[in-house]
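Peer 1: mind looking at a prediction? Sequence and model below.
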Amino acid sequence: MIENVIKEINYLVKVYGKNGFLGDGNKNLDYPESIPYAEDVKIFYSKCNPVEKVFFDFGSSILYIFPLEELANLQSGYRFGSDGAENSEWKNSFAIGLFDDEPIIVEAINDTAVIKASFESGCHFEMSENIEMFFNAVLCVLNIQYIEFGNEPLDDVSLDFKPEFIKSLKNELFKVLGDKYTSNFIGFFFG
């Protein structure tokens, strides 16, 4: 269940002194009308709505997850252009977070929140088949980065990711995401 994954993420955030946390949620949240509906997203926010904008050290950058109340404003430049017109490529999609100013995208398909990403407003590519799988992958990365590598995933000299860090990510993420999503997830977050 997603609540258990979020509890583990919150524990790591607290232990390693990061800001924000994924809260207990709010069953009475108003789902924004401008956001395509996905039952997975409603469940996530009703059980785990971020308190403030949550961010994690994630590789060599920061992963932000936004509270439901901020999602409508986050869509400018992604789902909606500067003129307010809807971007046709985002018909059933919306941004839920950011990584290096690149969007973490939800595509609402039959109440399921397929998690995607894109570089520089390019084509969207899938990173997980649902929101729970995505947060399981986030937890996997945080465990490897914070615990196994002491939050030091970069080589001190080259400033590239340590080969053993990437190897550990591939092995563990494969268990969570399978072959279909692992390379896209690693490619997006760890280049």
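Peer 2: Noted; the coordinates are in hand. Small disclaimer: the values here were computed from a predicted structure and weren't measured. Numbers count the residues shown, from 1 in each chain.

Peer 1: which helix or strand lies directly C-terminal to the lowest-mean-pLDDT helix or strand in the chain?
Peer 2: In the chain, the helix or strand scored least confidently by mean pLDDT, DSSP states H and E is strand 21-22, which has a mean of 68. The element immediately downstream of strand 21-22 (helix or strand, assigned by DSSP states H and E) is helix 39-48.

Peer 1: just checking: what are the partner strands of the helix or strand following that next one?
Peer 2: Sequence order places strand 50-51 as the next helix or strand after helix 39-48, per DSSP H and E. When pairs are called by DSSP bridges, strand 50-51 turns out to pair with strand 21-22 (antiparallel).

Peer 1: output the below-cut-off pLDDT ranges for the chain.
Peer 2: Across the chain, the ranges flagged by pLDDT under 70 are 17-21, 24-28, 52-53.

Peer 1: the longest helix along the chain packs against which elements?
Peer 2: The helix that spans the most residues within the chain, counting by DSSP state H, is helix 163-190. Judged by 3 or more CB pairs under 8 Å, 6 or more residues apart in numbering; DSSP states H and E, the packing partners of helix 163-190 are strand 125-128, helix 131-142. Any C-beta I mention is one placed from the backbone N, CA and C, and that applies to glycine too.

Peer 1: what angle separates the longest one from helix 39-48?
Peer 2: To tie it back to what came earlier, the one meant is helix 131-142. Going by axes from the mean of the first three to the mean of the last three CA atoms, to 10 degrees, helix 131-142 is angled at 60 degrees with respect to helix 39-48.

Peer 1: ok, and what's touching helix 131-142?
Peer 2: 1-2, 5-6, 8-9, 12, 40-41, 44, 56, 58-59, 63, 106, 113, 115, 127-128, 169, 172-173, 175-177, 181, 185, 189 (CB atoms under 8 Å, 6 or more residues apart in numbering).
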